[in-house]
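In: Have a look; sequence and predicted model below, questions after that.
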Number of protein chains: 2
Amino acid sequence: MSVTLPRTPLYTDHYEYTMLEAALRDGTAELPCVFEVFGRRLPTGRRYGVVGGIGRLSEAIERFRFEDSDLEDLTSRGVIKQSTAEWLADYRFKGDIDVYAEGELYFPGSPIVTVSGTFAECVLLETLTLSILNHDSAIASAAARMVTAARGRPILEMGSRRTHEAAAIAASRAAYLAGFVATSNLEAGRRYGVPTSGTSAHAFTLLHKSEIEAFQAQIDAFGTDTTLLVDTYDITQGIRNAIEAAGPRLRAIRIDSGDLDVMATGARELLDELGAYDTKIVVSGDLDEFSIAALAAAPVDIYGAGTAVVVGSGAPTAQLVYKLVEVEGRPVAKRSEHKGTTGGRKVAVRRHKPTGTATEEVVVSQGEPEPLPGDKRLQVPLFANGELVPQPSLEDSRELLRQRLISIPWEGLKLSPGDPAIPVVQQHGGE
Amino acid sequence: MSVTLPRTPLYTDHYEYTMLEAALRDGTAELPCVFEVFGRRLPTGRRYGVVGGIGRLSEAIERFRFEDSDLEDLTSRGVIKQSTAEWLADYRFKGDIDVYAEGELYFPGSPIVTVSGTFAECVLLETLTLSILNHDSAIASAAARMVTAARGRPILEMGSRRTHEAAAIAASRAAYLAGFVATSNLEAGRRYGVPTSGTSAHAFTLLHKSEIEAFQAQIDAFGTDTTLLVDTYDITQGIRNAIEAAGPRLRAIRIDSGDLDVMATGARELLDELGAYDTKIVVSGDLDEFSIAALAAAPVDIYGAGTAVVVGSGAPTAQLVYKLVEVEGRPVAKRSEHKGTTGGRKVAVRRHKPTGTATEEVVVSQGEPEPLPGDKRLQVPLFANGELVPQPSLEDSRELLRQRLISIPWEGLKLSPGDPAIPVVQQHGGE
């Protein structure tokens, strides 16, 4: 990776520095604290969430360092006083962060991230941590449902143009984590090693005097191992032109408009009639998990998903929160009817039948769950005493998610609205 | 601005380079072309869109330059051949870009951006241009409705934690463009001069042994010109504690949970009873344009909006597209029932009554609209012969939008679903 990413200390909400300043002044800044990240609920009807962004979070925390220009900005705009700037000058996070591994499933109340350290060092990481996890988990969670709906057919991610230019890179990564096979986004290829793919847009056909000239130009440049976009003018003629230009060894055609079921069926018949038995059919155009599922019986080989995946298919944020749960070892909690929290550091295990099927997640505050056969502890270290712990590769995380989706009860994979795939049982260690 | 932002040439879809390579090979790369950005429709029920991101787009295009490491990445991963890399080495956009000014309104078919130059130089900007405009316009469009719903009461943007960490910065900027008064996001403050604000979270109260100690710490650090968050435990007691700690000159209290209408009403009565007549009430907690409108009669002074604004309040992307409309002066267009385009470069004017109320937008392809009194031309230069044209400040764009929202028929400001505020009349210059 030869890209230098920006420092992150100002990817933060103003109030984190305000609280820091007040806490430095009254001596509470150094109190040992525990913060936790969790979701109060899943997006309406969803049966599981996928933890995304842990790898990006670790990088972003390593870039949470101050240079003089950062401190000058904060003091000159009156966000902090000089004394606070001096404290920040050699800030680095020296505490511990435990996480649900990237690709792990989560449910309402799962303690996805646990941040332990002084109040001062932990409070500054709230917004950055949430931004990364809320975005990447939302995308990974939506993408995983599309992968299930595709029943083994590959899906390409091509939604960069429909989301913020930097979010697009993270979305590509999250979709790949969830089982997509490639992305259109070149920076995701460079930065995260996600395979990239792409051939041509309608513009390339329109640029040429005729469709067949455009196809010929593409074949001349890339050979027949390419995908021709056949729906610029008339799809039937487009397919005939494609096979005329490329011959029956053409790798694939792509259809980006119309009723994709009807179009794909007609295209398959015509391709077979033209002897192009192995030419694959790629379809794209506002596909989400539901429209992918509806194409199960259509002769489609590859899906291209864009808008729906990068905006989380109806749930653009995971709505995770970052809450203080312990101060000097004593549990603390906000009391509120709708937004209450449970105090105390949590330990989480997932219970399984002997067959390996998950049955429930047990979350114990201020204690340890009673050990049972088939238990899997869900929290692993990300930072220990401020040092980054070596993490699984993106490929490993991808495989972890694949395994986890096999482990939940089959109802958990249904696209229809329903309860979480497994219940989360909250216990108190003192009970 | 002391932040170095990343280069953007790989914030691009793979197929743009594939098309470039094929076009360089067959000589079409140098053909003069016109591409346009437009939306086929507004998000369901919306009556206008707000153009956001033009200022960010101009910066991003200036950062679309290749260093050796970029070209090495593209060639080593097989995206392009060496000959294409050589062509890219001194790439810079040398054409023209005309735009609807940032803060301008748009409607279905409005030619928001017109990019003129060779096919090669224009095709590479597709994804970057769309990513920026689709994100920022979605946020600005949602935020503008919230500002209307607030009827002059100020709104603070505090949604950074619910969206990608870089998208958050752009979202703050777009919300400010739309009339929000400040943001929690510090990087938006530094980079774009958006005023920032923030005081404390529930964590700060929980950190202390009692609520009143926490309030006292905040007052000690910032004086009474601060906002105390009063709903950590019991709101009534919280307000009593706040005034006890700060006295009746306290600037504001904030309520972040519960039925905000009921809570604000009770809070106002209690504050008045305590003599804190000038203490303002800030409310937050999943506010969108509809819940803001519903609080019109409640004694609220300031709104804090988070999730809804940063995810576009149900429309997280503006769904704008980037289409080739002219090659060597001849109009080109995709033919399709659902995704067809109109060929030819467009000129757009907005027509107005003598009172200044807008009546329609006229978009003429391959020609000029018949001039009428009250016409406003909507397209202004952003780049001319590759040189950036001086642009209005963000403050100017904010004022432009404010004026534009006054100029549309009043039905256009209704929150309920409806038709676009004014019709767009498409004409052909040849007619």
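Out: Structure's in. What do you need? Residues are numbered from 1 along each chain as shown, chains lettered A, B, ... in the order given.

In: Can you pull the poorly scored residue ranges out of the stretch 301-431 of chain A?
Out: A:336-340, A:430-431 (pLDDT under 70).

In: which residues of the stretch 51-200 of chain A fall in strands?
Out: A:96-100, A:105-106, A:113-118, A:155-157, A:182-183 (DSSP state E, counting those that start in this stretch).

In: who does the first one touch, helix- and strand-wise?
Out: With contacts defined as 3 or more CB pairs under 8 Å, 6 or more residues apart in numbering or on different chains; DSSP states H and E, the secondary structure elements packing on strand A:96-100 are helix A:54-62, strand A:113-118, strand A:379-384. Quick note: C-beta positions are derived from backbone N, CA and C, even for glycine.

In: Out of these, which gets nearest to chain B?
Out: Closest approach to chain B among the helices and strands packed on strand A:96-100 (CB to the nearest CB): helix A:54-62, 7.0 Å.

In: near chain B, anything from the closest one?
Out: Yes: applying CB under 8 Å from any CB of the partner chain, one finds helix A:54-62 in contact with chain B at residue A:60.

In: so what does that helix touch, helix or strand wise?
Out: Other helices and strands packing on helix A:54-62, by 3+ CB pairs under 8 Å, 6+ apart, are strand A:96-100, helix A:126-149, helix A:165-177, strand A:379-384, strand A:387-388, helix A:394-407.

In: what does it rub up against?
Out: Contacts with helix A:54-62, where a contact means CB atoms under 8 Å, 6 or more residues apart in numbering or on different chains, come from A:5, A:8, A:11, A:93, A:97, A:99-102, A:113, A:125, A:128-129, A:132-133, A:136, A:170, A:173, A:382-383, A:388, A:391, A:394, A:397, B:165.

In: same question, stretch A:212-221
Out: Here stretch A:212-221 has contacts from A:199-200, A:204-205, A:207-208, A:226, A:228, A:241-242, A:244-246, B:18, B:21-23, B:25-26, B:28, using CB under 8 Å, 6+ apart.

In: Quick one: buried ones out of those residues?
Out: Taking 16 or more other CB atoms under 10 Å in any protein chain shown as the criterion, what is buried in the contacts of stretch A:212-221 is A:199-200, A:204-205, A:207-208, A:226, A:228, A:241-242, A:245-246, B:18, B:21-23, B:25-26, B:28.

In: Show the contacting residues for residue A:280.
Out: Contacts of residue A:280 by CB under 8 Å, 6+ apart are A:251, A:252, A:253, A:301, A:302.

In: What's the local residue count around the last one?
Out: Neighbouring residues of residue A:302 were enumerated by other CB atoms under 10 Å in any protein chain shown; the total is 20.

In: isn't it right up against residue A:282?
Out: Yes: contact criterion CB atoms under 8 Å: residue A:302 and residue A:282 qualify, at 4.4 Å.

In: so what's in contact with those two at the same time?
Out: In contact with both residue A:302 and residue A:282: A:156, A:252, using CB under 8 Å, 6+ apart.

In: how many neighbours does the residue nearest to residue A:7 when sequence neighbours are not counted have?
Out: Take residue A:7 and drop its neighbours on the chain: the residue closest to it by CB to CB, 6 or more residues apart in numbering or on different chains is residue A:63, 5.2 Å away. Counted with other CB under 10 Å, residues neighbouring residue A:63 total 14.

In: distance of residue A:63 from residue A:126?
Out: Distance, residue A:63 to residue A:126, by CB to CB, to the nearest Å: 16 Å.

In: returning to that earlier point: among the buried ones among the contacts of stretch A:212-221, which ones are in helices?
Out: Among the buried ones among the contacts of stretch A:212-221, the subset assigned to helices under DSSP state H consists of A:204-205, A:207, A:241-242, A:245-246, B:18, B:21-23, B:25-26.

In: Quickly check these for the two that are furthest apart.
Out: Largest separation among these by CB to CB: A:241 and B:21, giving 20.9 Å.

In: distance of residue A:224 from residue B:343?
Out: 31 Å.

In: Looking only at neighbour counts, state which of the two leads.
Out: residue B:343 (21 against 16).

In: so who does that one touch?
Out: B:325, B:326, B:330, B:331, B:332, B:333, B:365.

In: mind redoing it with 10 Å?
Out: A:206, B:34, B:323-327, B:330-334, B:365-366, B:428 (CB atoms under 10 Å, 6 or more residues apart in numbering or on different chains).

In: Give the burial count for the closest residue to it other than its chain neighbours, as a bare number.
Out: Nearest residue to residue B:343, sequence neighbours excluded (CB to CB, 6+ apart): residue B:331, at 2.9 Å. Other residues within reach of residue B:331, judged by other CB under 10 Å, total 18.

In: Put together JSON lines for the strands of the stretch 51-200 of chain A, with mean pLDDT and distance to residue B:145 on each row.
Out: As requested, those are arranged in JSON lines below (pLDDT from 0 to 100; distance: least, CB to CB, whole Å):
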{"stretch": "strand A:96-100", "mean pLDDT": "98", "distance to residue B:145": "37"}
{"stretch": "strand A:105-106", "mean pLDDT": "98", "distance to residue B:145": "33"}
{"stretch": "strand A:113-118", "mean pLDDT": "98", "distance to residue B:145": "34"}
{"stretch": "strand A:155-157", "mean pLDDT": "98", "distance to residue B:145": "30"}
{"stretch": "strand A:182-183", "mean pLDDT": "98", "distance to residue B:145": "33"}
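
In: In CSV, list those along with distance to residue A:190.
Out: Output for the strands of the stretch 51-200 of chain A, formatted as CSV (distance: least, CB to CB, whole Å):
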stretch, distance to residue A:190
strand A:96-100, 25
strand A:105-106, 29
strand A:113-118, 27
strand A:155-157, 15
strand A:182-183, 11
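
In: Would you mind giving the ones you listed as a markdown table with mean neighbour count and distance to residue B:120 added?
Out: As requested, those are exported to a markdown table (neighbours: other CB atoms under 10 Å in any protein chain shown; distance: least, CB to CB, whole Å):
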| stretch | mean neighbour count | distance to residue B:120 |
| --- | --- | --- |
| strand A:96-100 | 24 | 45 |
| strand A:105-106 | 27 | 46 |
| strand A:113-118 | 22 | 46 |
| strand A:155-157 | 27 | 25 |
| strand A:182-183 | 26 | 23 |
